[in-house]
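>>> Starting from these lines, generate the structure:
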Amino acid sequence: MSNFMDRFGEIFSMLMAPLWNHPVRMQAFSRFLMRCFAVMLVIGVLVWLSQRPVFALKQIQIEPVAGQTLKHISKPIVKQQVLANVQGNFFSVRLEDVKRGFESMPWVRHANVRRVWPNGLVVSIEEQKPFGTWGGVDSHTLMNAQGELFAGRVSEIMDDVHLIDFYGPADASQEVMSLYQKASAWFKPWGVEVKSLALTERYAWHVKLSNGMKVEFGRDEENSDKNLTEERVARLFKYWPQVQEKWPNRVDAVDLRYANGFAVHLAAANIKKNDVDSKKSDQKQ
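Below is the predicted model of the structure:
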């Protein structure tokens with residue numbers, strides 16, 4: 001063992017000889033070592049301080065984004081859940097993890113998290129604004145105005161909020177919203193609103209209007225088909241006065257899936273029972 005240490009000392013002396021023989025270099029090297037020691041000491045002190053109880057997270061302030069009030073989020077319950085699951089203290093907590101935790105909660109669309117000295121967090125929450133149901137009023141899924149689905153129930157919504165009923169494939173909510181916006185614009189001149197919209201698995205769709213009438217649009221896949229749908233709607237508006245003149249206030253459904261016209265279905269009121277099967281009329285213009 002002593003032979004090994006002697007040998008190591010010789011090798012070290014050989015390697016350090018340029019420094020031993022040059023006082024200026026030796027002084028520079030000494031200063032470098034002292035700086036390294038000072039840096040390590042400062043880091044150690046900071047790490048020690050950061051673990052003190054005073055920096056343990058104790059306060060979480062939850063606030064709505066500008067222009068909103070939180071109607072569906074209970075602040076005490078949310079605070080308790082977050083404090084129980086947040087890992088780390090003021091310095092070590094990962095804000096992105098806290099953000100994801102908030103955004104996984106029902107009724108939270110977006111969350112922004114920031115630190116507040118010395119042991120707090122402030123969380124700004126954008127609450128979901130329900131625009132419609134997804135799958136019917138008994139479904140536990142709602143849709144916002146951006147076409148995004150979120151967990152929620154109709155029973156949690158105030159009575160003065162009127163929801164649109166949407167139906168469609170699980171991955172088609174954005175397209176359903178786009179179709180709703182188109183249909184709303186198309187029928188605005190009639191002074192009616194779209195009350196429900198359904199998109200089938202084969203991407204055929206229909207709407208129900210606030211006047212009780214149902215409109216079938218068929219299937220749109222290509223841009224040309226979508227332009228064709230607009231042309232069929234324009235044809236409906238063009239000849240609608242003639243339909244109303246012939247069957248005033250008796251049409252409860254319109255089928256636009258015809259290439260050269262459209263079909264109307266008459267309401268059952270004031271129609272003889274044996275005439276029910278003859279209520280559809282194809283207006284080919």
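
>>> Please, where are all the helices along the chain?
Here the chain has its helices, by DSSP state H, at 2-20, 23-50, 75-85, 95-103, 173-187, 223-246.

>>> rank those by mean pLDDT and give me the bottom one.
The stretch with the lowest mean pLDDT among the helices of the chain is helix 2-20, at a mean of 58.

>>> Quick one, grab the pLDDT at Asn119.
In this model, Asn119 is scored at 87, pLDDT.

>>> out of everything not next to it in sequence, what's closest to it?
Lys58 (4.9 Å; CB to CB, 6 or more residues apart in numbering). Any C-beta I mention is one placed from the backbone N, CA and C, and that applies to glycine too.

>>> Neighbours of that neighbour, how many?
By the criterion of other CB atoms under 10 Å, Lys58 has 14 neighbours.

>>> burial of Pro169, as a residue count?
Other residues within reach of Pro169, judged by other CB under 10 Å, total 13.

>>> and what of Ala263?
Neighbour count of Ala263, defined by other CB under 10 Å: 16.

>>> wait, isn't it in contact with Asp255?
Yes. Applying CB atoms under 8 Å, one finds Ala263 in contact with Asp255, separated by 4.2 Å.

>>> that older thread, can you tell me how far the residue nearest to Asn119 is from Phe91?
Lys58 is 14 Å from Phe91, where distance means CB to CB, to the nearest Å.

>>> Also Ser124?
Applying CB to CB, the value for Ser124 to Phe91 is 21 Å.

>>> So between these two, which is more surrounded?
It is Ser124, of Ser124 and Phe91, that has more neighbours when counted by other CB under 10 Å, with 17 against 13.

>>> quick one, what contacts that one?
Neighbouring residues of Ser124 by CB atoms under 8 Å, 6 or more residues apart in numbering: Glu63, Pro64, Val65, Ala111, Asn112, Val113.

>>> Run through the bridge partners of it.
Glu63, Asn112 (DSSP bridges).

>>> Equivalent analysis for the one 10 residues further on, please.
When bridges are assigned using DSSP bridges, the partners listed for Trp134 are Phe166.

>>> Quick one, grab the pLDDT at it.
Looking at Trp134, its pLDDT stands at 96.

>>> surely it meets Ser173?
Yes. Here Trp134 lies in contact with Ser173, judged by CB under 8 Å, at a distance of 6.8 Å.

>>> shared neighbours, those two?
Common neighbours of Trp134 and Ser173 (CB under 8 Å, 6+ apart) are Met143, Leu149, Phe166.

>>> Looking at those, which one is closest to Glu103?
Distance to Glu103 across the shared contacts of Trp134 and Ser173 (CB to CB) is lowest for Leu149, with 13.9 Å.

>>> which ones are touching the closest one?
Trp134, Thr141, Leu142, Met143, Ser173.
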